[in-house]
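In: Have a look at this prediction, sequence included:
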Amino acid sequence: MAASTPYLIILLCAASLLQASLTAANPPPPPQQPWRLPESESRARFSRWMTKYSKTYANEEDKEKRFGVFRDNLNQIGAFSAQTSTTVVVGGFGPQTITTVRVGMNRFGDLEPAEVAAQFTGFNSTGFQSARPTFLPYDSAKPCCVDWRSSGAVTGVKFQGPCLSCWAFAAVAAIEGMNKIRTGELVSLSEQELVDCDTGSSGCGGGRVDTALDLVAGRGGITSETKYPYSGFNGRCDVDKLLFDRDVAVKGFKAVPINDERQLALAVARQPVTVYIDASAWDFQFYSSGIYRGPCSGDPAKVNHAVTIVGYCEEFGEKFWLAKNSWSNDWGEQGYIKLAKDVPWSTGTCALASSPFYPTA
């Protein structure tokens, strides 16, 4: 028996080598990825998506290119969603459950992040000069939670379309909120008046909230959306409406001290406030719910989009800002996004604390 042992070891070694060679020649199939859809299912979803958003393309080549982008986005959404939806962390008072950001397909399905930024944002920093900041007393009344929607101070979410006019929508939302708080009347106001008449900005080529607010303050107010409807294109300024048709009065605007989320909260406790953010990331493009923490740049030099902060609160122990976007109610949480509040860096999530403004009356 002892004499046969070496031969047995040799046979076992040979069998192991043979098995290794067979495995190398025929590797096992890659692990299943249930979120990666078959081509037929991707095309079926693309067809339904085109119908939903009334999408058409110039030719089959362009359509096929856009299908490729849609398919990649669809698979990436599946991969993102397959990640754990909650993360348990240890806070100062024991374990907490934090809901992570969720993403979902929307009208931007056939676009890459750079294309969304190029077509649907609009902050233009050319000649940008921030107004002198106005400090609010730190002992001012500041509720733990604020949501100006619940006070009826926020109009429905609008859609800027492929016009780089986010700055106009952010400014108008802030004016609408201020007017409701001051007068008790909510009036939907004209973004198109700003697109057409603000010579300090470039209309659908991009612009700035401060020049829009400065224009409105200089003319004493702004007209309603009903009288000056949005077209999403650069048009000739209706000077009569600009000069004489004022449905809401505006006397000036103020800047929140930069890089100070405490001051921003004091301002938002009084009225909606505009902010600039970096909206370049893929998961911002497809954001659907949760508290967004990035990835995005905290560098003020990289902001490209304007939104309006209409509140703040706390969810599962995590603080957030509530921002109204201008990408329709099909995007985000019915047109809104929750941005992480009181983060460790001074500029705030996506640099939102870098240059906030609000109108005055």
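Out: Structure's in. What do you need? Everything numeric here is computed off the predicted structure, so don't read it as measured data.
In: quick one, domains of this protein?
Out: With automatic domain parsing as the criterion, the domains of the chain are listed as 39-103, 113-360.
In: Pick out the shakiest of those domains, pLDDT-wise.
Out: In terms of mean pLDDT, the lowest-scoring of those is domain 39-103 (a mean of 82).
In: just how off-centre is that domain within its chain?
Out: Chain-centre distance of domain 39-103: 15 Å, with Cα atoms, centre = their mean, to the nearest Å.
In: So for stretch 255-272, what gets flagged as buried?
Out: The neighbour-count check on stretch 255-272 (16 or more other Cβ atoms under 10 Å) flags 255-261, 263-272 as buried. Every C-beta, even on glycine, is put in place using the N, C-alpha and C of the backbone.
In: what's the first-to-last distance across that stretch?
Out: One end of stretch 255-272 sits 13 Å from the other (Cα to Cα, to the nearest Å).
In: got it, and stretch 336-348?
Out: 18 Å.
In: returning to that earlier point: could you list which of the buried residues of stretch 255-272 belong to helices?
Out: The members of the buried residues of stretch 255-272 that map onto helices under DSSP state H are 261, 263-268.
In: related to what we said a few turns ago, looking at the domains of the chain, which is buried most?
Out: Most buried of the domains of the chain, by mean neighbour count (mean count of other Cβ atoms under 10 Å): domain 113-360, with a mean of 20.
In: starting at the chain centroid, how far to it?
Out: With Cα atoms, centre = their mean, you get 12 Å for domain 113-360.
In: How about stretch 108-122?
Out: Distance, centroid of stretch 108-122 to centroid of chain: 11 Å (Cα atoms, centre = their mean).
In: outside of that stretch, which residues touch it?
Out: 49, 55, 66-67, 69-70, 73-74, 160-167, 204, 206-207, 279-282, 284-286, 304-306, 327, 331 (Cβ atoms under 8 Å, 6 or more residues apart in numbering).
In: how long is that stretch end to end?
Out: 16 Å.
In: oh, and call the first residue 49 from now on, that's how I've got it
Out: Okay, residue one is now 49; in that scheme the one you just asked about reads as stretch 156-170.
In: Mind checking what secondary structure Val358 has?
Out: Three-state call for Val358 (DSSP: H, G, I helix; E, B strand; the rest coil): strand.
In: mind checking how far it is from Val323?
Out: 11 Å (Cβ to Cβ, to the nearest Å).
In: Could you name every residue contacting both of these two?
Out: With Cβ under 8 Å, 6+ apart as the test, Val358 and Val323 both reach Ala371.
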